[in-house]
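1. with the sequence up front, the predicted model follows.
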Amino acid sequence: AQSVTQPDIHITVSEGASLELRCNYSYGATPYLFWYVQSPGQGLQLLLKYFSGDTLVQGIKGFEAEFKRSQSSFNLRKPSVHWSDAAEYFCAVGTRYNNNDMRFGAGTRLTVKP
Amino acid sequence: DTGVSQDPRHKITKRGQNVTFRCDPISEHNRLYWYRQTLGQGPEFLTYFQNEAQLEKSRLLSDRFSAERPKGSFSTLEIQRTEQGDSAMYLCASSRTSGGQETQYFGPGTRLLVL
């Protein structure tokens, strides 16, 4: 079965600085990849997704992610972080054969310093 | 498109009581999922429905848990004889299967506290 690792439990960045959140997956074939964001006490909001095609994916709120097959990674990036980006970020992996079996990483908590 | 809704948003109960949560998916979404999320963890799959059929259940779903989606629209998740270990956020998600490329959209969750 597929799995996801988010190596960073907590990241702190200054407002206006760039951001990169790491996500590594394990799956033998081409995965479906997702990034979700969760504010405290709230559900998950989809930021972006990768199914196939262009490996650089644009999402909402100025986020982007790049699928790198050679590194089994799908890192999330933003060029300039805003205070409102402070939240928990989850990477998830599904498969084209059984996409109902979606696995989530443990999440990375982002703190934004003024 | 009003999004996935869940009710209640918060529930506090005493150990041994039964609780029921409701999820209303995005209209015309044929799949509905239930997840459980504990502090510091990502969501863990519990079960899912395709229309009214419950197609898969995780081994996390003990016999005290039951889910229904009677008309292929809203769903309920019932926990009988609650235990303190059931305290968690229960998330519902829905999706529409389309050529194998499926995206799940999540509701706000129901936070359960068992005293």
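-> Cool, got the structure. Since this is a predicted model, take the numbers as computed values, not measurements. Numbers count the residues shown, from 1 in each chain, chains lettered A, B, ... in the order given.
2. can you get me a residue count around residue B:69?
-> Neighbour count of residue B:69, defined by other Cβ atoms under 10 Å in any protein chain shown: 22. All C-beta atoms are positioned from the backbone trio N, CA, C, and that covers glycine.
3. ok, it - contacts?
-> The neighbourhood of residue B:69, defined by Cβ atoms under 8 Å, 6 or more residues apart in numbering or on different chains, consists of B:32, B:49, B:51-52, B:54, B:75-76.
4. for chain A, what's its nearest residue on chain B.
-> At 3.1 Å from chain A, residue B:42 is the closest residue in chain B, using Cβ to the nearest Cβ.
5. burial of the nearest residue to that residue once chain neighbours are set aside, as a residue count?
-> If the residues on either side of it in the chain are set aside, residue B:42 comes closest to residue A:104, at 3.1 Å by Cβ to Cβ, 6 or more residues apart in numbering or on different chains. Applying the criterion other Cβ under 10 Å, we find 22 residues in the vicinity of residue A:104.
6. enumerate the residues of chain B near chain A.
-> Taking Cβ under 8 Å from any Cβ of the partner chain, the part of chain B that reaches chain A is made up of B:4, B:6, B:31, B:33, B:40-45, B:48, B:55-56, B:91, B:93, B:100-109, B:111.
7. same thing but at 6 Å, please
-> By Cβ under 6 Å from any Cβ of the partner chain, the residues of chain B that approach chain A are B:41-43, B:48, B:91, B:100-103, B:106-109.
8. from those, which ones fall inside helices?
-> Using DSSP state H, no member of the residues of chain B next to chain A sits in helices.
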